[in-house]
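Asks: pasting the sequence and the predicted model now:
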Amino acid sequence: VINGQPFGRLYMTEKIGAPAFTQQDEQLALLLAAQAAAAIERAMLSEQAHQTERLQLLNEIVGLLNRLADEQQVMGSALSGVQKALPFTEVAIVLYRSDEELSVLCFPEGNRLGQSLKRPCLKVARTPFKICVHDGKSVYLKAISVDKAQTPFERWLARRGFRSLVGAPIPSGNEILGVLFALSPHPDAFSKDDMTFLKTVAEHVGVALTNARLLQELREKERVRGLLLNKVVTAQEEERRRISHELHDQTGQLLTALLIQLQLLERDLSGTSVRERVTMLRQLADEIASQLHHIAWELRPPALDELGLVAALERTVEEWAARFSISCEFHVNGVQDEELPSEFAIGIFRIVQEALTNIAKHAQATQAKVFLQRQDEELTVVVEDNGVGFKPSAVLRHPDENKRLGLLGMMERATMLSGTVTIDAKPNKGTRVIARLPLTGHLYR
């Protein structure tokens, strides 16, 4: 009787040397049954404790695998967990390419198997893992020996003292990525629970590896996209520089010559009406020259190349404030131009330029401020105003792409510099654009 319930029966069918059982024999049988029940109960409790402990370990392994995004870390964590559950074994993972050639081998640190195993002997055709890779089924070899070995890998294991093997396929959809296997120096060392545990871990390893590979592909695509974008932006900046120089040097010189000739013509003319028309033409040419200068500056301010970022921003802020009649302060703290690569300086300048353009177009502000500050290895750029504000989330989701290009452009510039842009704005509360840029690893790598 176990826990008040009948569990089984103890039968005594024959007494040697006596015709019948006595009452004393019956008492002895009851005592033996009670002892058997106690032993069985202890075994059941031990098994329950073992199952609970293994379930907790499995939950820990699964939880850890779900948080990992690196293929090697996924395999290492899975092997470490299996080693805890099966401490008497050697564990390993082998991954295969689609041509069934070996792709990756992973062993825990100090693994005896990993220190002596040669990679070629783990090709599918040379191992008992064919049933795992081809049919998606687990494999269990209870008694490995040199004489009974059916594959070179089994023979290799037998010569090194391994006597049993269990392996579970690592699935990913309809594909088998590889095999998670364990080895023991003892024959028939693995229970049904061990095989179930290994299979469950292998299934979660498959999910984690699939996610890790998808994330790696996404990161690689993002890296390539960033490199291409960086090349496009660099080419765009070079083209802006060329056009700016041409406007300033060639077209600007022609306009200057035209103004001089108009001034000479105005001085030599005697008729009042003709002189007034020439004066109007000179003023028009003067305005064209001013606008041309502004366009050239917007394309590529010479001060950015000649004097550096701080001077270029200072002049930009002054000209912007004068042009739009908006008070604007410029503050710099701890920033040295010589510390900033050209691409970094251009990126910061364009972020500030776009933020000021947005203020002029949309903010209805009377005051604005630009801050440039370095703290440790991070550069912070802040552009704020006291205007009408807006809802950044609404703008970023606007169906008209032209409505959100400015914000997206600033964010993309910051991303290219491995940084971020945060828009802090509310209706009627003004706007603050904050760019945080690390001073190491400036561009996409």
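Replies: Cool, got the structure. Residues are numbered from 1 along each chain as shown.

Asks: buried ones in the helix or strand encompassing residue 354?
Replies: According to DSSP states H and E, residue 354 maps onto helix 342-358. By neighbour count on 16 or more other C-beta atoms under 10 Å, the buried set for helix 342-358 is 343-349, 351-356, 358. Heads up, the C-betas are built off the backbone N, CA and C, glycines and all.

Asks: nearest to residue 131, of these?
Replies: Here the nearest of these to residue 131, counting by C-beta to C-beta, is residue 343; it sits at 55.6 Å.

Asks: that older thread, quick one: list the elements packing against the helix holding residue 354.
Replies: Judged by 3 or more C-beta pairs under 8 Å, 6 or more residues apart in numbering; DSSP states H and E, helix 342-358 is in contact with helix 192-246, helix 302-306, helix 309-324, strand 367-375, strand 378-385, helix 405-416, strand 431-438.

Asks: and of the buried residues of helix 342-358, the nearest to residue 327?
Replies: Nearest to residue 327 among those: residue 356, at 12.7 Å, using C-beta to C-beta.

Asks: distance of the closest residue in space to the closest one that isn't next to it in sequence from residue 204?
Replies: Residue nearest to residue 356 in three dimensions, not counting chain neighbours: residue 320, with 5.1 Å by C-beta to C-beta, 6 or more residues apart in numbering. Counting by C-beta to C-beta, to the nearest Å, the gap from residue 320 to residue 204 is 57 Å.

Asks: all strands of the stretch 1-150 of the chain, in order?
Replies: 90-96, 102-106, 139-141 (DSSP state E, counting those that start in this stretch).

Asks: wait, is residue 264 part of a strand?
Replies: No: counting by DSSP: H, G, I helix; E, B strand; the rest coil, residue 264 is located in no strand; its state is helix.

Asks: what about it, how many neighbours?
Replies: By other C-beta atoms under 10 Å, 11 other residues sit near residue 264.

Asks: so the helix holding residue 354 versus helix 309-324, what angle?
Replies: Using axes from the mean of the first three to the mean of the last three C-alpha atoms, to 10 degrees, the direction of helix 342-358 lies 20 degrees away from that of helix 309-324.

Asks: send me helix 342-358 as PDB with only the CA atoms.
Replies: Presented in PDB, the C-alpha positions along helix 342-358 are these (Å, rounded to 0.1, in the frame of the first residue of the first chain):
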ATOM      1  CA  SER A 342      35.100  64.800 -42.700                       C
ATOM      2  CA  GLU A 343      32.200  62.400 -43.000                       C
ATOM      3  CA  PHE A 344      31.300  62.900 -39.400                       C
ATOM      4  CA  ALA A 345      31.400  66.700 -39.600                       C
ATOM      5  CA  ILE A 346      29.200  66.700 -42.800                       C
ATOM      6  CA  GLY A 347      26.600  64.400 -41.100                       C
ATOM      7  CA  ILE A 348      26.300  66.700 -38.100                       C
ATOM      8  CA  PHE A 349      26.100  69.800 -40.300                       C
ATOM      9  CA  ARG A 350      23.300  68.300 -42.400                       C
ATOM     10  CA  ILE A 351      21.300  67.300 -39.300                       C
ATOM     11  CA  VAL A 352      21.500  70.800 -37.900                       C
ATOM     12  CA  GLN A 353      20.700  72.300 -41.400                       C
ATOM     13  CA  GLU A 354      17.600  70.100 -41.800                       C
ATOM     14  CA  ALA A 355      16.400  70.900 -38.200                       C
ATOM     15  CA  LEU A 356      16.800  74.700 -38.900                       C
ATOM     16  CA  THR A 357      15.000  74.300 -42.200                       C
ATOM     17  CA  ASN A 358      12.100  72.600 -40.500                       C
END
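
Asks: contacts for it?
Replies: Contacts to helix 342-358, defined as C-beta atoms under 8 Å, 6 or more residues apart in numbering, come from residues 230, 234, 237, 298, 301, 304, 308-309, 312-313, 316-317, 320, 328, 337, 340, 368, 370, 372, 379, 381, 383, 406-407, 409-410, 413-414, 416-417, 421, 431, 433, 435, 437, 442-443.

Asks: now do 6 Å
Replies: 237, 304, 309, 312-313, 320, 381, 383, 406, 409-410, 413, 417, 433, 435, 442 (C-beta atoms under 6 Å, 6 or more residues apart in numbering).
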